[in-house]
Every structure is written in structure tokens, then in C-alpha cells.
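# Fold the following.
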Amino acid sequence: MAFVLVCELAGIGAALSTKGTHFAVPVWAGMLAGLGVAGVVLFVESCLGAFTLRGFTTTTFGILVGLFCAWLITKLGYQSAVAGVVEGLSAGNPQLDAAGIANTLNFALNIFLFASLAFLGAVLAMRSGRDDFAFIVPYVRFRQDAASGQPLLLDADVIMDGRVPRIHASGFLTGRLIVPRFVLDELKVLAGSPSPGKRQRGERGLDSLEEMQNDKNIRISIHDPHETASNAGMDTRLIQTARMLGARLLTTDENLTKVARLQNAEVLNINDLSEALKPAVVVGEKIRLALVRGGKDEHQAVGYLPDGTMIVVNHGAPKIGTTQDVLVISTLQTSAGQMVFAELFDPDEAAA
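Coordinates of the predicted model:
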């Protein structure tokens, strides 16, 4: 509103400066011109996308860049061109103060120029990431030093999962943990749900948060993201908040992971880490395996590795309930995970 008011006043000043000339501009026309200039600038700003506040330093930097660009434009000498046009138009009327009119017009143009470029510079600066600033001004960072670790934004699923404190204690996760207020509200709603399953998950999430807050080695805080749309979906709000804070999104939700990656947001999925840590089972490897139940076929037995990988042992049904050496003969990757097929290990055949 202040920017629009400045443009309106500049338009009125420009209109009043032409009073008494044969090309006099009505005051209402000056007001419309000022409003039109403000509308164009605001339209350009809206086309640049939604912006968020990134701190006073970032905003000040953008304003200074905008003012510097405006100052460079003033050095092009358009003031003398305006003065020449006014003198030419007022040549037939010596009673007019051509110099005064030219000065007024130049003053109005300068207000438009400096206000518009300062406004656009501030908006662009607030929307830029620290990598953009590092590209323009090397070694400059407007957020915390990288040595302290990039913040991690937690969603409700990863909090209820309960593995975050142990992973953080192992040193695989560094940086401050951030829980948005709307995620905490979601946990409270689940904890008060009439459904026993949802209530248990919500209570487990609140207990996990309490455990992390009581851990002196974990830095965790609650963030109120006032700049996210409250009517947007949960996934959208999480991604917007992560971008605003320059944080990585930590989750166990596969769909949220896909959406975040499609939007080029940084996301970590604990399930991906779990899959990466599973030991690789190769064909020809001998494994000591407890056979716990029968398989799909009558002659098959089934056992499980410590990470939960299922191994189907052909002709192992008579050995159910015992621990046997088995030889991996093939593997199959499915959407549910890896399936391994094996045979009972025969020392005589291995020696042959």
C-alpha cells in the first residue's frame, strides 16, 4: 500500500507540474497513471511466485542492489532529455517555467525508478536461496554455517516411526530438528482419536517428541510457519516450510518423498536408509538360517535374515524347526522387497 501511495503521489505531482500548459494533464489522469505503474510492478512481482521472509539482512541486500541499479540508470542522462522535451513543448509560451516543470518531471521519474527497483530487489532477494547469494557474492551465507549441519524438518510419520533418536545418536543425522506447529497439532488430533490404532500412533509420536526434547544431544524446536497457506494440503505445507527454512525434509512417507523430489525439494527417507543398510545376498553364498515355517509348496521351508529378508529353501520342509546351512541359488527383487531362493547346503556337492 505504501508503494501504491508513493506512485499515486508521484502521478499527482507530475500532473500538477503540467498545469497551465497546452498539454496540461488532469489530476485524475496523473492518479490513474501512478496507479497503472504500480499495477504493472505488482503484476510483475506476482508473476515471480510466492515469496517468504528470509531475514532483514537479505531484504536489505536486495534493496541496496535495487537502489544501485536505479542509480546506474539515472547516469544515462534521461533528465536532460526530459528537460529538452519540456523546453521544446513550451517554446511557444515564454511565461511557463520550463526548468521547473522539467525538474518536477525528473523528480517523479526518479521516485518511480528508485521505488520500483528497490521493491523488486527486495522481493527477489527474499526468494533467493543461499546458493544464489553464494554465486553472486562468494563466501557469503545468510543462514547458519554449514558446519553446524543443515536443519531437518520432521513430519508426523517420521516422528511416530520412533527411529529418529537412535539414528541421530549414531551420528548419521546432524543439524537442528524442526517440528512445524501444524505437525504437532496433527499428532495431538491422532492422540485424541476414538480409533485405538490412530490413538496409539499419536501417543507414540508425542512420546518420541518428549524423548528427543529430554535428550541434551538433540536440538529440537517447534516452528510456527505463518507464511504457509493454512488451507493447503499437509504435503504442500511441509515442502513450503522446508524451503522457507532451507531445511531437508525427513520422512518415511513414500508419496511425500516422490512429491518433494518432483518439486526439487531436499528430502531424506529413513526407509531408503534402511534398504541401503541391508546386507547384499549373492548367488552362491552360504548362510546359516533358522527354518521357521513351510513355504508355498509342500517341499519348501522359509527362514528370515535379521533384516527381515525372506529366504525360501527348496526341499527344506523336513528341516522346519532347525537351523541349517543353505546355499543361495537365485534372488528376485519385488515391490515388497527382495526374495531369496536357496537349497540345503550339501558339503559333498560343494567339494565336488
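# can you map out the helices along this structure?
Along the chain, counting by DSSP state H, helices occupy 2-17, 27-47, 56-74, 78-89, 98-127, 130-136, 156-161, 164-170, 181-191, 196-214, 234-245, 254-262, 270-277, 347-351.
# And these: which comes nearest E298?
helix 347-351 (23.1 Å; C-beta to C-beta). Every C-beta, even on glycine, is put in place using the N, C-alpha and C of the backbone.
# Burial-wise, tell me which of the helices of the chain comes out on top.
Most buried of the helices of the chain, by mean neighbour count (mean count of other C-beta atoms under 10 Å): helix 156-161, with a mean of 23.
# any weak-confidence spans in the stretch 1-150 of the chain?
Along the stretch 1-150 of the chain, segments meeting pLDDT under 70 span 22, 48-56, 78-79, 82-84, 86-100, 102, 128-149.
# before we move on, back to that, in TSV: the helices of the chain, plus distance to I222.
Listed next are the helices of the chain as TSV, based on distance: least, C-beta to C-beta, whole Å:
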stretch	distance to I222
helix 2-17	33
helix 27-47	32
helix 56-74	23
helix 78-89	53
helix 98-127	23
helix 130-136	23
helix 156-161	12
helix 164-170	15
helix 181-191	6
helix 196-214	9
helix 234-245	12
helix 254-262	20
helix 270-277	21
helix 347-351	60
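# out of those, which comes closest to G303?
Using C-beta to C-beta as the measure, helix 347-351 is the one of these that comes nearest G303, at 19.3 Å.
# Give the rounded mean pLDDT of that closest one.
Throughout helix 347-351, pLDDT has a mean value of 64.
# can you offset everything so residue one is 263?
That works, and once the first residue is 263, the last one we named lands at helix 609-613.
# Now for the residue nearest to L518 when sequence neighbours are not counted: which residues touch it?
Once flanking residues are discounted, L518 sits nearest to D497: 5.1 Å by C-beta to C-beta, 6 or more residues apart in numbering. Shown in contact with D497 (C-beta atoms under 8 Å, 6 or more residues apart in numbering): 517-518, 521-522.
# Just the C-alphas of stretch 265-283, formatted as PDB.
Extracted C-alpha coordinates of stretch 265-283, given in PDB (Å, rounded to 0.1, in the frame of the first residue of the first chain):
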ATOM      1  CA  PHE A 265       4.400   1.600  -2.700                       C
ATOM      2  CA  VAL A 266       1.000   2.300  -4.400                       C
ATOM      3  CA  LEU A 267       0.600   5.500  -2.400                       C
ATOM      4  CA  VAL A 268       4.100   6.700  -3.500                       C
ATOM      5  CA  CYS A 269       3.200   6.000  -7.100                       C
ATOM      6  CA  GLU A 270      -0.100   7.900  -6.700                       C
ATOM      7  CA  LEU A 271       1.600  11.000  -5.200                       C
ATOM      8  CA  ALA A 272       4.200  10.900  -8.000                       C
ATOM      9  CA  GLY A 273       1.500  10.800 -10.600                       C
ATOM     10  CA  ILE A 274      -0.400  13.700  -9.000                       C
ATOM     11  CA  GLY A 275       2.900  15.700  -8.800                       C
ATOM     12  CA  ALA A 276       3.600  15.100 -12.500                       C
ATOM     13  CA  ALA A 277       0.000  16.100 -13.400                       C
ATOM     14  CA  LEU A 278       0.200  19.300 -11.400                       C
ATOM     15  CA  SER A 279       3.600  20.200 -13.000                       C
ATOM     16  CA  THR A 280       1.800  20.500 -16.400                       C
ATOM     17  CA  LYS A 281      -0.800  22.800 -15.100                       C
ATOM     18  CA  GLY A 282      -1.100  26.000 -17.200                       C
ATOM     19  CA  THR A 283       0.500  24.400 -20.300                       C
END
